[in-house]
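*Asks:* Predicted structure and sequence below. I'll ask about it afterward.
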Amino acid sequence: MNGITTLLVVDDDADLREVVALAVQREGRRVVEAEDGREALDHILAQGTPDLILLDMNMPVMNGWELARELRARGLWRAPVIVITAAHDAERSAKEIGATGYLSKPFDVRTLISTVQRYLGPFEMRSPESRSL
């Protein structure tokens with residue numbers, strides 16, 4: 001195992017997914033993107049649960065509430081879930097699904113990174129000399 005953590009960003013806004021991916025990848029994390037809950041569920045079923053899920057609530061096809069219900073019903077709710085929403089009360093949405101936390105849109109990159117680090121810890125780049133064989 002290489003120690004790189006994986007985030008699943010589930011949001012129908014392609015620009016937001018791209019910004020999140022760029023910021024988080026710069027921190028040494030792997031990012032997988034899904035444009036709706038159905039695509040996220042398919043990814044989790046095929047690849048396993050990521051280390052952290054950033055989840056928008058209002059999406060077409062399968063919204064955040066439906067994805068949360070499916071993950072719980074299938075026993076796949078294994079990672080921290082952070083709700084990311086522009087809704088008036090992001091905290092209430094997070095509580096409704098039992099999420100670990102929330103980010104209200106719009107959010108800045110520093111807030112995003114500190115939230116990711118709160119749940120996954122800081123990413124530590126290992127020098128070639130410190131690698132174990």
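*Replies:* Received it, and whenever you're ready, just let me know what you need.

*Asks:* now stretch 24-39, how far from the chain's geometric center?
*Replies:* 7 Å (C-alpha atoms, centre = their mean, to the nearest Å).

*Asks:* what's the straight distance from one end of that stretch to the other?
*Replies:* 20 Å (C-alpha to C-alpha, to the nearest Å).

*Asks:* Quick check: buried residues in that stretch?
*Replies:* By 16 or more other C-beta atoms under 10 Å, the buried positions in stretch 24-39 come out as 24, 27, 29, 31-39. For every residue, glycine as well, the C-beta is placed using N, CA and C.

*Asks:* can you check stretch 62-82 too?
*Replies:* Neighbour-count burial for stretch 62-82 flags 62-64, 66-68, 70-71, 77, 79-82 (criterion: 16+ other C-beta under 10 Å).

*Asks:* Can you lay out the buried residues of stretch 24-39 as JSON lines showing distance to Val9?
*Replies:* Formatted as JSON lines, the buried residues of stretch 24-39 follow (distance: C-beta to C-beta, whole Å):
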{"residue": "Val24", "distance to Val9": "8"}
{"residue": "Glu27", "distance to Val9": "13"}
{"residue": "Arg29", "distance to Val9": "11"}
{"residue": "Val31", "distance to Val9": "6"}
{"residue": "Val32", "distance to Val9": "7"}
{"residue": "Glu33", "distance to Val9": "5"}
{"residue": "Ala34", "distance to Val9": "7"}
{"residue": "Glu35", "distance to Val9": "10"}
{"residue": "Asp36", "distance to Val9": "12"}
{"residue": "Gly37", "distance to Val9": "12"}
{"residue": "Arg38", "distance to Val9": "15"}
{"residue": "Glu39", "distance to Val9": "11"}
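
*Asks:* Point out where the protein drops to low pLDDT.
*Replies:* 1-3, 123-133 (pLDDT under 70).

*Asks:* can you pull out the strands in it?
*Replies:* Counting by DSSP state E, the chain has these strands, from start to end: 6-10, 30-34, 52-55, 81-85, 101-104.

*Asks:* I figured Glu66 hits Asp36, correct?
*Replies:* No - checked against C-beta atoms under 8 Å, the pair Glu66 and Asp36 is beyond contact range at 9.5 Å.
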